[in-house]
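K.L.:
When you get a sec, could you give me coordinates for this:
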Amino acid sequence: METVGIYTPPQKPKATPASASTDTGSAVFQSCLTQSDLEITQPAQDKLHEIINQTDEEVSAIRIYISGGGCGGLSYGMTFTDEQGDFDTIQQFDGFKILVDVVALNYLKGAQIDYIQEVGRERFVFNNVFAETGGSGICGGCGAAGG
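P.N.:
The predicted structure is shown next:
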């Protein structure tokens with residue numbers, strides 16, 4: 001059996017003499033998500049803010065996630081959350097924040113989330129993500145193709 005790899009969470013960097021006096025000793029991962037990591041366009045920000053304000057639930061954040069990864073490739077989505085994980089990266093907006101865990105961020109780095117309104121169709125669009133992830137279109141290794 002071949003070992004593909006093991007995820008190791010980011011480690012807190014060792015204090016250098018210049019930063020030793022500001023080191024709090026906390027082992028909790030903290031990271032700020034920037035627009036260069038994941039761009040949320042203004043139309044998407046406006047719609048997310050509107051959706052957050054319309055919900056009856058007590059939520060203050062939207063989690064961006066990935067799922068899948070087999071022959072069909074990766075799927076990208078969003079959900080409400082009120083829980084922040086130890087390895088979430090965070091981007092604060094007016095009235096809400098975006099959370100992305102560091103594993104998902106590896107697949108979303110450099111992507112853009114936009115909100116598009118067309119006649120009869122409104123949707124969030126994930127642009128510039130790995131367009132060709134997953135299988136090659138020819139399946140047979142996992143048996144899911146039925147053959």
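K.L.:
helices and strands around the longest helix belonging to the chain, which ones?
P.N.:
Criterion DSSP state H: the longest helix present in the chain is helix 42-54. Judged by 3 or more C-beta pairs under 8 Å, 6 or more residues apart in numbering; DSSP states H and E, the packing partners of helix 42-54 are strand 88-93, strand 96-101, strand 111-118. Yep, even glycine has a C-beta here, placed from its N, CA and C like the rest.
K.L.:
What are the buried residues along that helix?
P.N.:
44-45, 47-48, 52 (16 or more other C-beta atoms under 10 Å).
K.L.:
Mind putting the residues you listed into TSV with distance to A111 and pLDDT?
P.N.:
Shown next, in TSV, are the buried residues of helix 42-54 (distance: C-beta to C-beta, whole Å; pLDDT from 0 to 100):
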residue	distance to A111	pLDDT
A44	12	96
Q45	15	95
K47	17	95
L48	15	94
I52	21	91
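K.L.:
Closest one of these to N106?
P.N.:
Taking C-beta to C-beta as the measure, N106 lies nearest A44 of the buried residues of helix 42-54, at 21.1 Å.
K.L.:
distance of that closest one from V119?
P.N.:
19 Å (C-beta to C-beta, to the nearest Å).
K.L.:
Identify the bridge partners of the nearest residue to E39 once chain neighbours are set aside.
P.N.:
Distances taken as C-beta to C-beta, 6 or more residues apart in numbering put Q112 closest to E39, at 4.3 Å, once the chain neighbours are dropped. With DSSP bridges as the criterion, Q112 is bridged to E39, N127.
K.L.:
ok, now which ones touch L33?
P.N.:
Contacts for L33 (C-beta atoms under 8 Å, 6 or more residues apart in numbering) come out as 89-91, 98, 100, 105.
K.L.:
Could you pull up phi and psi at it?
P.N.:
Torsion angles at L33 (phi, psi; degrees, to the nearest 10) stand at phi -90, psi 130.
K.L.:
Give me the pLDDT for it.
P.N.:
If you check L33, the pLDDT there is 85.
K.L.:
Next: L74.
P.N.:
On pLDDT, L74 comes in at 82.
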